[in-house]
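# Mind looking at a prediction? Sequence and model below.
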Amino acid sequence: MKASSAIIACICFVLACCTPPAPEPTPPPAATAPAPAPAPIPAPMTTRPAYDNWLDAPQTPGNWTYRDGSGFSFATFGEAGQAAVFGVECMKRQRTVRLVRGARSNIGIPTRIRTETADRMLTVTPASDGRPMLTVTLPAADSLLDAMALSRGRFAVEAGGLPALYLPAWPEVTRVVEDCR
């Protein structure tokens, strides 16, 4: 039995010598700088198509609505449930018509009104009460108002830095102009 114990001890010794040592534990990774955040994906560039003739541009989405009040009447253009993008207001006592562009600015903006028969530059100014609108007032007899009301189906409002509006010349515009005369 002594011999077998010696043999077993020898075999254990040989096996212990032949097995590779346990791997040393790897040190924890050094603190690394966080990976840079991926660059934001830029919004796709959209360009407005250019039209040789503004009459070929699609109509601005929306509809006209008319309201008659005491001493004034107005027609506004826009999409249902959203703020109006343009308006025509008659101040009956003053016999003036105010054109209103729904937008915010701190300064006057050159604006072109285009119709089939007229093309005029005006400067719209911010509303004095701080509302987000730009306005210009014209006498009720101004021929530009007739051109807007009687234009071949539409007129354009082009204000520097704002999207152009291509508005239908519906009866609401004519009605407001006639209310002031």
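Ah, there it is. These numbers were taken from a predicted model, which means no experiment stands behind them.

# Which positions within the helix or strand hosting V176 qualify as buried?
Element membership for V176 (DSSP states H and E) is helix 171-179. Within helix 171-179, the residues scored as buried using 16 or more other C-beta atoms under 10 Å are E172, V173, T174, R175, V176, V177, D179. Backbone N, C-alpha and C define where each C-beta goes, glycine included.

# Could you tell me the per-residue confidence at the fifth one?
According to the per-residue confidence, V176 scores 96 in pLDDT.

# swap in the second one?
With respect to pLDDT, V173 has a value of 95.

# Where does the spatially closest residue to it that is not a sequence neighbour sit: helix, strand or coil?
Nearest in space to V173, with sequence neighbours left out and distances taken as C-beta to C-beta, 6 or more residues apart in numbering, is A149 at 4.9 Å. In three-state terms, and counting by DSSP: H, G, I helix; E, B strand; the rest coil, A149 is helix.

# thinking A149 is in contact with A169, fair?
Yes: assessed by C-beta atoms under 8 Å, A149 is found in contact with A169 at 6.1 Å.

# Tell me how many other residues crowd G153.
As a burial measure, G153 scores 12 neighbours (other C-beta atoms under 10 Å).

# what's the residue nearest to it when sequence neighbours are not counted in contact with, if anything?
Nearest in space to G153, with sequence neighbours left out and distances taken as C-beta to C-beta, 6+ apart, is A169 at 6.1 Å. A169 makes contacts with T115, M148, A149, L150, S151, R152, G153, R154, F155, as judged by C-beta atoms under 8 Å, 6 or more residues apart in numbering.

# Same question for Y51.
Y51 touches A57, counting by C-beta under 8 Å, 6+ apart.

# run the last query once more with 10 Å
Residues in contact with Y51, defined by C-beta atoms under 10 Å, 6 or more residues apart in numbering, are A57, P58, A164, Y166.

# Determine which two of those are furthest apart.
Maximum pairwise distance in these, criterion C-beta to C-beta, is 10.8 Å, between P58 and A164.

# Neighbour count: these two, which is higher?
For P58 versus A164, the count of surrounding residues by other C-beta under 10 Å is larger for A164: 16 against 8.
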